[in-house]
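Q: I'll drop the sequence and a predicted model, then ask my questions.
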Amino acid sequence: MSSFKIRPRFKHFFHGKKERLEKKILEGLDKSDGLIYNYLPGHVYIKIHPKNQHFWSPQLHLSFEEEKEDQVIVRGLYGPNPTVWAIFFFGYVALGILILFLGMWGLTRYSLGMDHTILWFIPVLILMAMVLYFFAQTGQKLGAQQMFEIHHFYEELTDNRINVE
């Protein structure tokens, strides 16, 4: 299940009613001692119990949509706590904006024949983005065991083998 993607995901087709599947998952979670959940109609967020959580603990967001009369599409999205995800997302956005504006400023200075050494900061910022990606991958590896626990729990509940993309 280890992936180079920052937020691994899966799509699963379940034969039956959406309400029945949601009820089955919620009943299984109520019996589980290592997992907690938040439920909104059509969505279940499965998390590691707070006593076992750490900064990189993953969570699984399941969304349910009825496709046909007796078929439900379950979309699963693994990711860190939303706060951790927001830190990385805004880090990438900030670095991208800095690269864009430094590039425009440096190339403008270059086209005017002025000193354009500011362009040397762009590779440094790209390196910082790569380091940020490396930290995200390291965190994903640190939370991999807990991700396996959540994934195997879901597979046992649905009696299916589900491949994560």
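A: Now that the structure is in, tell me what you want to look at.

Q: What ranges does the protein have for its helices?
A: 18-31, 82-111, 121-142, 144-158 (DSSP state H).

Q: So for Pro50, which of these sits nearest?
A: For those, proximity to Pro50 was assessed by C-beta to C-beta; helix 144-158 is nearest, at 12.5 Å. Where you see a C-beta, it was placed from the backbone N, CA and C, and this is true even at glycine.

Q: Kindly reformat the helices of the chain as JSON lines containing mean pLDDT, mean neighbour count and distance to Val44.
A: Output for the helices of the chain, formatted as JSON lines (pLDDT from 0 to 100; neighbours: other C-beta atoms under 10 Å; distance: least, C-beta to C-beta, whole Å):
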{"stretch": "helix 18-31", "mean pLDDT": "90", "mean neighbour count": "14", "distance to Val44": "6"}
{"stretch": "helix 82-111", "mean pLDDT": "95", "mean neighbour count": "13", "distance to Val44": "15"}
{"stretch": "helix 121-142", "mean pLDDT": "93", "mean neighbour count": "14", "distance to Val44": "21"}
{"stretch": "helix 144-158", "mean pLDDT": "90", "mean neighbour count": "17", "distance to Val44": "10"}
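
Q: Gln53: which of these is closest?
A: Closest to Gln53 of those is helix 144-158 (C-beta to C-beta; 8.5 Å).

Q: Against which helices or strands is the closest one packed?
A: Helix 144-158 is packed against helix 18-31, strand 35-40, strand 43-48, strand 58-68, strand 71-80, with contacts defined by 3 or more C-beta pairs under 8 Å, 6 or more residues apart in numbering; DSSP states H and E.

Q: if we can go back for a sec, can I get the helices of the chain in a markdown table including distance to His43?
A: Listed next are the helices of the chain as a markdown table, based on distance: least, C-beta to C-beta, whole Å:
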| stretch | distance to His43 |
| --- | --- |
| helix 18-31 | 9 |
| helix 82-111 | 13 |
| helix 121-142 | 22 |
| helix 144-158 | 14 |
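
Q: pretty sure Lys11 is touching Glu67, no?
A: No: under the criterion of C-beta atoms under 8 Å, Lys11 makes no contact with Glu67, lying 10.9 Å away.

Q: Find residues that contact each of these two.
A: Taking C-beta atoms under 8 Å, 6 or more residues apart in numbering as the criterion, Lys11 and Glu67 both touch Ile73.
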